[in-house]
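Participant: Just to be clear, the model below is a prediction. Sequence and coordinates:
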Amino acid sequence: MKNEMMTTEENVANIVSATELMDHWQGHRRLTRKLIELFPEEHFYTFSIGGMRPCSELMMELIVMAAPGAQGLVTGNWQTEDQLAVDFSAKAPSTKAEVLAMWDRSTEQMNAVWPQIRPERFQESDAAFGVYANKVIYSLFYFIDNEVHHRGQAYVYLRALGIEPPAFWDRA
């Protein structure tokens, strides 16, 4: 029975490749980038509903987590240039264009490091950012889920502002 379970687990693990996982994550990031582009600059830093953070703060959390998160997932090194963990309270630059430039740089950094991931790495345990202990695959799922969650909050903001958000399925 144990051998049958291992075979099944191995087959499940081979359904999606590391490249496909990154493409899935980057699909979400492309959609979130569209949302940032669409969000009115005059409301990006200030608009809030029900005590939620403004869109700029939600997007900064995603930016500061993305490239260091991908690096940590791949290498087990969760350090950024000058700190052990990411500063999740980092303030957004003063313009949306600067936020988008940061978004694009983090995307490039993610794409540069990701091809180095070893397939067995996904099943290893690690403490993301030195704090959140889990299997690497579950940390990856968390990063994606966190982005979807914050994008959903920003969708609510757009609708409240009378703006139709990008289609949730449009990840091209």
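Facilitator: Yep, it's here.

Participant: Show me what counts as buried in stretch 24-36.
Facilitator: Within stretch 24-36, the residues scored as buried using 16 or more other C-beta atoms under 10 Å are 25-26, 28-29, 31-36. No exception for glycine: its C-beta is placed from N, CA and C like everyone else's.

Participant: any chance of the residues you listed in TSV, plus secondary structure and pLDDT?
Facilitator: Formatted as TSV, these follow (DSSP: H, G, I helix; E, B strand; the rest coil; pLDDT from 0 to 100):
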residue	secondary structure	pLDDT
Trp25	helix	97
Gln26	helix	97
His28	helix	97
Arg29	helix	98
Leu31	helix	98
Thr32	helix	98
Arg33	helix	98
Lys34	helix	97
Leu35	helix	97
Ile36	helix	98
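
Participant: Let's have the residues you listed in a markdown table, adding distance to Ser125.
Facilitator: Shown next, in a markdown table, are the buried residues of stretch 24-36 (distance: C-beta to C-beta, whole Å):
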| residue | distance to Ser125 |
| --- | --- |
| Trp25 | 20 |
| Gln26 | 25 |
| His28 | 25 |
| Arg29 | 26 |
| Leu31 | 30 |
| Thr32 | 28 |
| Arg33 | 32 |
| Lys34 | 35 |
| Leu35 | 33 |
| Ile36 | 33 |
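
Participant: What is the nearest of the residues you listed to Leu100?
Facilitator: Using C-beta to C-beta, Ile36 comes nearest to Leu100 of the buried residues of stretch 24-36, at 6.0 Å.

Participant: you'd agree the closest one is up against Leu100?
Facilitator: Yes. In this structure, Ile36 is within contact of Leu100 by C-beta atoms under 8 Å, at 6.0 Å.

Participant: hey, where'd the strands end up in this structure?
Facilitator: Secondary structure of the chain (DSSP state E): strands at 125-128, 132-135.

Participant: From the contact counts, what lies against the last one?
Facilitator: Think strand 132-135. Here strand 132-135 touches strand 125-128, helix 136-160, going by 3 or more C-beta pairs under 8 Å, 6 or more residues apart in numbering; DSSP states H and E.

Participant: To Glu61, which of those lies closest?
Facilitator: Using C-beta to C-beta, the nearest of the helices and strands packed on strand 132-135 to Glu61 is helix 136-160, at 6.7 Å.
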